[in-house]
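Colleague: my questions are about this predicted structure, shown below with the sequence.
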Amino acid sequence: MNKTFITVTALFLSLNTFSQKYDFQIIKDIEATPVVAQQNTGTCWSFSTTSFLEAEIIRLKGTNVDLSEMYNVRNIYLDKADNYVMRQGKAQFGEGGLNHDVINSARKYGIALQSDFSGKINPDDPYDHTEMVAELEEILKSAVDLTPAKYANWKEDYKAVLDKHMGNTDGVNPIIAQKISAEYKIDLNDYITITSFTHEPVYSKFILNIPDNFANGFFYNLPLDEFVQNIDYALNNGFTLALDSDVSETTFSGPKGIAVIPEKIEDAMAILEEIKPEKKITADFRQAEFENYNTMDDHLMHIVGKAKDQKGNIYYKVKNSWGTASGRNGFVYMSVAYLRLKAISVLLHKDGLQPQTRKALGL
């Protein structure tokens, strides 16, 4: 055999073995509604959880429903305002939120269809809350500085800003909690948030101290391995999960639709294009990255399935809210290592938990 041919063949096999572009094969795909874009707003929490609720309606009733993300946003802005003023400005105020905020909003205000409330004055305009947030914050700071006694109509001024930018809800006929249960088979009390941190006892229920947890929502704490096992169990049994995650890593790429944690720092760029070994994530390392602010809750998405690459590595298929032009048709493929390190929490139906976990949590 020609020696040159042998050399070229060996080189080809070597490159093919050690430098492979990602080729994902879907191994679990749970039906969900189409990808939509949050555009120039910090409302991923509502897009994530609204998508999750839409998938729950599909799972429980077999019906596709387009719910309004901005109806939740507008209502939660009312709760954020009360919280900020009553805490005399010593509280988080901004566009961010968490998955449980949508559940809380649904309990208190109900939900609305997108056709009933778009959250836009002009339907053709993109979402952009830049000016609105600045105006809202100015009113709240004035209410705190003057005191509500001297600025008695601050709530009216605040609502007027919401009306100006998002439209009012006077004509909306919300689907209240009882009707949500009757019409869509959703009991809002069935949804819980699980997480994994070492600073709280395992199987305990605690308030996670992160900036966007203005509502003081509870999280159920699990050992890290069990946290991931429950995510897998839920997906394998047809349950999707609303995800809160850190996406600040250079190896989370929205445009490329990939989220991975390289074993070697020098692989940080290459791993976005080709398969590389990933870091083994321990509970102690996860905790340290959280406590030193390297892991923060900065983006919420929706886990709708699983995939594997040509080497058999497993990834979570994550529906994003940056539009279909982002990532892989709007989806991100997140490795197990990335999820173990960077997933703050997931919201899911309690029936999606492993039986032994439900028992340990008293659910």
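Modeller: Perfect, I can see it now. Numbers count the residues shown, from 1 in each chain.

Colleague: and the strands in the stretch 201-350 of the chain, which stretches?
Modeller: 205-207, 218-221, 241-245, 252-253, 258-259, 299-308, 314-319, 331-335, 343-349 (DSSP state E, counting those that start in this stretch).

Colleague: strand partners of the second one, parallel vs antiparallel please.
Modeller: Paired neighbours of strand 218-221 in the sheet (DSSP bridges): strand 191-195 (parallel), strand 205-207 (antiparallel).

Colleague: name the residue closest to the centre of the chain, please.
Modeller: Closest residue to the average C-alpha location of the chain: L300 at 2.0 Å, with C-alpha atoms, centre = their mean.

Colleague: ok, it - contacts?
Modeller: Applying C-beta atoms under 8 Å, 6 or more residues apart in numbering to L300 gives the contacts C44, W45, F47, S48, T49, L98, N99, A242, L243, D244, S245. Just so you know, the C-beta spots here come from the backbone N, C-alpha and C atoms, and that holds for glycine as well.

Colleague: so which of the residues you listed comes closest to Y22?
Modeller: Of all these, S245 has the smallest distance to Y22: 19.4 Å, by C-beta to C-beta.

Colleague: what's the neighbour count on the closest one?
Modeller: Applying other C-beta atoms under 10 Å, we find 29 other residues in the vicinity of S245.

Colleague: let me see the contact set for it.
Modeller: Residues near S245 by C-beta under 8 Å, 6+ apart: D297, D298, H299, L300, M301, M334, L339, K342, A343, I344.

Colleague: beta partners of it?
Modeller: H299, A343.

Colleague: just the helices in the stretch 101-250 of the chain please.
Modeller: Along the stretch 101-250 of the chain, the stretches classed as helices by DSSP state H, counting those that start in this stretch are 130-146, 154-166, 177-184, 224-236.

Colleague: so which of these is the most surrounded?
Modeller: For these, the largest average neighbour count (mean count of other C-beta atoms under 10 Å) is found in helix 224-236, namely a mean of 19.

Colleague: rewinding a little: rank the helices of the stretch 101-250 of the chain by mean pLDDT and give me the bottom one.
Modeller: If the helices of the stretch 101-250 of the chain are sorted by mean pLDDT, helix 177-184 sits at the bottom with a mean of 93.

Colleague: would you mind giving both backbone torsions of the nearest residue to K185 once chain neighbours are set aside?
Modeller: Take K185 and drop its neighbours on the chain: the residue closest to it by C-beta to C-beta, 6 or more residues apart in numbering is L60, 4.0 Å away. Reported as degrees, to the nearest 10, the phi and psi values for L60 are phi -90, psi -30.
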